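Novice: Show me how the following folds:
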Amino acid sequence: SNAWPMPGRGLDRPATAGVQGAMRPLTIALLVVLLPCTARAAGWVQQPRHCYGKLWDRSWFGSKAYTAEGLRVGADVPSYQDHLVNLYAECGIHPWVTAIVALAPAGYAKSDDQGTFYMGPLSGGVRVGLLREGPVRLAGSARYGFAPAVGDEVLSDTAFTTDDGKSGRAVYLPAVENHFGELLAELGWGFALGTVPSFVSATLGARLNSAEGVDHALVSQLQWGVTLWQRLVLDLHFMLSEPFFQEVVVTNTAGVGQTRYLGFGFSASYWIVEALGVFANLEGVFYAESNAQTPSFSFGLETRFSL
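Specialist: Model (predicted):
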């Protein structure tokens, strides 16, 4: 969910050069303030009956893993692949409340010649706008979710030895049953970078888990995005999951359940028309524990509409 909506075409009418020069700073300022929020632009709420939706596939392929100690291991880990269909939607239900749904209903994972279909987490919640006027926005969000026990089977279980002589076992378990809740503080800032509409957004909060062995975690995200030529949206983002400084025990290459990471990503969206866009996303990690050591690729469609 990486879209930053295009500036309204009605603000781009022909005018004389003098008028255009005088109006350009005001136009950019209006664009920054009036652009509605998007799925990943934390802090903004949607206007009532205005919605944003996104459908995409997340895939990765690899043969290396980060162990529970954060070490890299490759020679002893079976090759794997993982694909997950995701759906995200948010709609304004009140001038200061936006409803949010995030679903991962269908996935397929394969490791060591064993494969299974699985379900990812299903969640819903609300974002409440606390500061809704001006270029700086502040919001709080709460979400409840459930990851069902569909496809929670070990596809591989292999012994490994790292380059420095440490040994252990790595499993590939694509799903872990879990109830979870998230509470987040969200901050957004819209501004003009020269004449380019831009934004910075940040979230910080906690994820509370019910599954045994899955610690509660500090979660955070930082994002910077720009809109070019009224259609192309580029953003750079960073993601953190820190299980409250607890020790990670199990090495699960799938990266579900207990994991620790500091990740980064780059997204590009192109809005074909005002209501439909296509996007691609590439993500990796600076460091991780109990996770895959391979890039993650996402491709999909996004839309915005009014009810």
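Novice: Enumerate the positions of the helix or strand where residue 262 lies that are buried.
Specialist: In this assignment (DSSP states H and E), residue 262 forms part of strand 260-273. Going by neighbour count (16 or more other CB atoms under 10 Å), the buried part of strand 260-273 is 260, 261, 263, 265, 267, 269, 271. C-betas here are computed from N, CA, C, even on glycine.
Novice: C-terminal to it, what's the next element?
Specialist: Of the helices and strands lying after strand 260-273 in sequence (DSSP H and E), the nearest is strand 276-289.
Novice: Mind giving me the packing neighbours of the next helix or strand along the chain from that following strand?
Specialist: Where DSSP H and E defines the elements, the next helix or strand beyond strand 276-289 is strand 291-292. Counting contacts by 3 or more CB pairs under 8 Å, 6 or more residues apart in numbering; DSSP states H and E, strand 291-292 packs against strand 65-66.
Novice: So what are the sheet partners of the strand it packs on and their directions?
Specialist: Paired strands of strand 65-66, with direction, are strand 72-73 (antiparallel), strand 291-292 (antiparallel) (DSSP bridges).
Novice: What are the contacting residues of that strand?
Specialist: Residues outside strand 65-66 that contact it (CB atoms under 8 Å, 6 or more residues apart in numbering) are 72-74, 77, 160, 170, 251, 253, 285, 287-293.
Novice: Now with 7 Å, please.
Specialist: Strand 65-66 is contacted from outside by 72, 73, 77, 170, 251, 253, 288, 289, 290, 291, 292, 293, using CB atoms under 7 Å, 6 or more residues apart in numbering.
Novice: give me the low-pLDDT residue ranges for this structure?
Specialist: 1-40 (pLDDT under 70).
Novice: what about the helices in it?
Specialist: 17-34 (DSSP state H).
Novice: Restrict the strand holding residue 262 to CA atoms and write it as PDB.
Specialist: The C-alpha coordinates for strand 260-273 follow below in PDB (Å, rounded to 0.1, in the frame of the first residue of the first chain):
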ATOM      1  CA  ARG A 260      13.600  -9.800  14.800                       C
ATOM      2  CA  TYR A 261      14.600  -7.500  11.900                       C
ATOM      3  CA  LEU A 262      15.400  -4.100  10.600                       C
ATOM      4  CA  GLY A 263      14.200  -3.900   7.000                       C
ATOM      5  CA  PHE A 264      14.100  -1.500   4.100                       C
ATOM      6  CA  GLY A 265      12.200  -1.200   0.900                       C
ATOM      7  CA  PHE A 266      11.600   0.700  -2.200                       C
ATOM      8  CA  SER A 267       8.200   1.100  -4.000                       C
ATOM      9  CA  ALA A 268       7.100   2.500  -7.300                       C
ATOM     10  CA  SER A 269       3.400   3.200  -8.200                       C
ATOM     11  CA  TYR A 270       2.100   4.300 -11.600                       C
ATOM     12  CA  TRP A 271      -1.500   5.600 -11.700                       C
ATOM     13  CA  ILE A 272      -2.900   4.700 -15.100                       C
ATOM     14  CA  VAL A 273      -6.000   6.700 -14.400                       C
END
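Novice: what about the closest residue to residue 132 other than its chain neighbours, how many neighbours?
Specialist: In this structure, residue 132 finds its nearest non-sequential neighbour in residue 96, 6.0 Å apart by CB to CB, 6 or more residues apart in numbering. For residue 96, the count of nearby residues is 15 (other CB atoms under 10 Å).
Novice: quick one: residue 189 from residue 210, how far?
Specialist: Distance, residue 189 to residue 210, using CB to CB, to the nearest Å: 35 Å.
Novice: Repeat that for residue 106.
Specialist: Counting by CB to CB, the gap from residue 106 to residue 210 is 23 Å.
Novice: Looking at these two, which one has more neighbours?
Specialist: residue 106 (17 against 13).
Novice: can you tell me which residues contact the closest residue to that one other than its chain neighbours?
Specialist: For residue 106, ignoring the flanking residues on the chain, the nearest one in space by CB to CB, 6+ apart is residue 85 at 4.6 Å. Residues near residue 85 by CB under 7 Å, 6+ apart: 57, 104, 105, 106, 107.
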